[in-house]
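**Q** Here's a sequence, model it:
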Amino acid sequence: QVQLVESGGNLVQAGGSLRLSCKASGDIIMNFIMAWYRQPPGTQREFVASVAENGTATYAASVRGRFTISRNNYENTMSLQMNSLKPEDTAVYFCNSVGLRGDYYETVPFNSWGQGTHVTVSS
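**A** Model prediction:
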């Protein structure tokens, strides 16, 4: 089993900043991709940003230049620095991780999600 726990969500004024964190734990062998998704009120979940094991980052157009994703492979943690926040960034933010888990006898792929952390940006 792989568990993901997000933290850092809060209420912030437009133009402000927040830093979200995600910690992955469990029998992780390799953590290929870690990503952030968000689900604004009344809409579907959408991609925000991802970071590969080698540090290559990808961003949604709506956050590029304002958000920065990073990860620590040794600690299996990931962060999302969010600057210049806008009311439309209001959403529940979810951490996602894809990789391989197991032990010496068995290795299986995993695709795990956290429970989400709330970000509210007031105008």
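
**Q** Which strand residues bridge the residue nearest the centre of the chain?
**A** Nearest to the mean C-alpha position of the chain, by C-alpha atoms, centre = their mean, lies residue 36 at 2.9 Å. According to DSSP bridges, the residues that bridge with residue 36 are residue 49, residue 95.

**Q** Verify the contact between it and residue 93 for me.
**A** Yes: Residue 36 lies in contact with residue 93 (C-beta atoms under 8 Å); the separation is 5.9 Å. Placement of C-beta: from N, CA and C, glycine included.

**Q** Could you list the buried residues of the helix or strand hosting residue 79?
**A** Assessed by DSSP states H and E, residue 79 sits inside strand 77-82. Buried residues in strand 77-82, counted by 16 or more other C-beta atoms under 10 Å: 77, 78, 79, 80, 82.

**Q** Please identify the buried residues of stretch 2-20?
**A** By 16+ other C-beta under 10 Å, the buried positions in stretch 2-20 come out as 2, 4, 6, 8, 9, 12, 18, 20.

**Q** nearest to residue 42, of those residues?
**A** Taking C-beta to C-beta as the measure, residue 42 lies nearest residue 9 of the buried residues of stretch 2-20, at 18.1 Å.

**Q** any idea how far residue 85 is from that closest one?
**A** Residue 9 sits 12 Å away from residue 85, going by C-beta to C-beta, to the nearest Å.

**Q** what is in contact with those two at once?
**A** With contacts taken as C-beta atoms under 8 Å, 6 or more residues apart in numbering, residue 9 and residue 85 have 18, 119 as neighbours in common.

**Q** for this structure, what spans make up the strands?
**A** Using DSSP state E, the strands of the chain run over 2-7, 11-13, 18-26, 28-39, 46-52, 57-59, 67-72, 77-82, 91-102, 107-113, 117-122.

**Q** Need the pLDDT of the residue of the chain positioned farthest from its centre.
**A** In the chain, residue 105 marks the outermost C-alpha relative to the chain mean, sitting 30.1 Å out by C-alpha atoms, centre = their mean. We have a pLDDT of 91 for residue 105.
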